[in-house]
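> Next comes the sequence, and after it the predicted model I'd like to discuss.
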Amino acid sequence: MIVLYTTERDYPWGTLRSTHASKTKVVLEEKRLPYRIENLPPGNLWKKPPEMTARHPLGKVPYIEEDGLTIYDSTVIDEYLEDRYSWPRLLPDDRVMRVKVRMIEQFADEAMLGGSLPPIWMPYWSEPDKRDSERMEKGRQGLVTRDLPYLERLLGEAPSGSYLCGGFSMADVPMMVLAMVLEVDKLALDRFPRLNNYLNALRERPSYRAISPRTKVAGATSLVNPE
Ligand SMILES: N[C@@H](CCC(=O)N[C@@H](CS)C(=O)NCC(=O)O)C(=O)O
């Protein structure tokens, strides 16, 4: 069975999870694969103990283990899962659509998961009085001025249906993470009506339950019962 190494913790303001590992969790759930979570203490992301760097040279999450193989990096893992478990397809057959999906996923990784979101999300792992509100505001500004206008435009150009590139695809996977962060941060989206509807639709997908801030760590078993 696949083992997913990640970091998740319950707080009074919601259950917080690694954003990058949430991308992988969504793909595992969408493909209805049985998996087990190895929940590492959040401090390991800074301490980087040797058992972690032995599996991921940068001591980051996520990484997975399957059949004695260790695979790190959310995008690489998700593409591996797509190669090995092709149903349901999350990368389109069409070459042009496929490259569009990959560009959007890359944008989400660089602009949001590696850019605007950590300054908003990481402070929630601390008590309210210890949060750097100026830094959080900078992250929100990054979203509002650069990232969300692009997503609003993409949704306006999207083929019919509620997703970015036709049916639910790898392009939508990191947007589930945006939906997760904004469920906790509650940023006003009045200026982005298409995005607002889209994020609400993503939160209705069964796979969202596994990353929802309302799902406690203990309740986040996979859709497919591993037992
Ligand atoms: N490119 C990597 C980034 C992974 C990443 O940055 N993970 C965060 C948690 S969401 C982490 O481990 N941070 C610790 C660090 O940056 O040292 C991926 O897509 O998996």
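Sure, I can see it.
> If I look at Ser160, what pLDDT would I see?
According to the predicted model, the pLDDT of Ser160 comes to 72.
> Any idea how many residues pack against the closest residue to Thr53 other than its chain neighbours?
Spatial nearest neighbour of Thr53, chain neighbours left out: Gly59 (4.7 Å); criterion: CB to CB, 6 or more residues apart in numbering. C-beta here means a position set from N, CA and C on the backbone, and glycine is covered the same way. The local packing of Gly59 (other CB atoms under 10 Å) involves 19 other residues.
> residue contacts, Gly59?
Asn44, Leu45, Lys48, Pro49, Met52, Thr53 (CB atoms under 8 Å, 6 or more residues apart in numbering).
> one more time with 6 Å
Under the criterion of CB atoms under 6 Å, 6 or more residues apart in numbering, the neighbours of Gly59 are Lys48, Met52, Thr53.
> what's in contact with stretch 43-54?
Contacts of stretch 43-54 (CB under 6 Å, 6+ apart): Gly59.
> So which of the contacts of Gly59 is the closest to the ligand?
Minimum distance to the ligand across these is 7.1 Å, recorded for Lys48 (CB to the nearest ligand atom).
> returning to that earlier point: which among the contacts of Gly59 end up buried?
Met52 (16 or more other CB atoms under 10 Å).
> For Arg205, give its distance to Val173.
Noted for Arg205: a distance of 11 Å to Val173, by CB to CB, to the nearest Å.
> These two: which is more packed in?
The residue with more neighbours, out of Arg205 and Val173, is Val173; 26 against 15, by other CB under 10 Å.
> got the domain boundaries for the chain?
Using automatic domain parsing, the domains assigned to the chain come out as 2-89+209-219, 95-208.
> right, so of these, which gets closest to the ligand?
The nearest among these, by CB to the nearest ligand atom, is domain 2-89+209-219 at 3.1 Å.
> Which pLDDT value goes with the closest residue to Tyr163 other than its chain neighbours?
Once flanking residues are discounted, Tyr163 sits nearest to Asp172: 5.1 Å by CB to CB, 6+ apart. Listed pLDDT for Asp172 reads 98.
> Which stretches in this protein count as strands?
2-6, 8-11, 14-17, 35-39, 63-66, 69-72 (DSSP state E).
> how about those, which one is nearest Tyr163?
Proximity to Tyr163 (CB to CB) singles out strand 14-17 among the strands of the chain, at 22.2 Å.
> now that closest one: how far from the chain's centre is it?
12 Å (CA atoms, centre = their mean, to the nearest Å).
> contact partners of it?
With contacts defined as CB under 6 Å, 6+ apart, strand 14-17 is touched by Glu8, Arg9, Tyr124, Trp125, Val184, Ile211, Pro213, Lys216, Val217.
> Pull out the buried residues from these.
The neighbour count (16+ other CB under 10 Å) marks Glu8, Tyr124, Val184, Ile211, Pro213 as buried among these.
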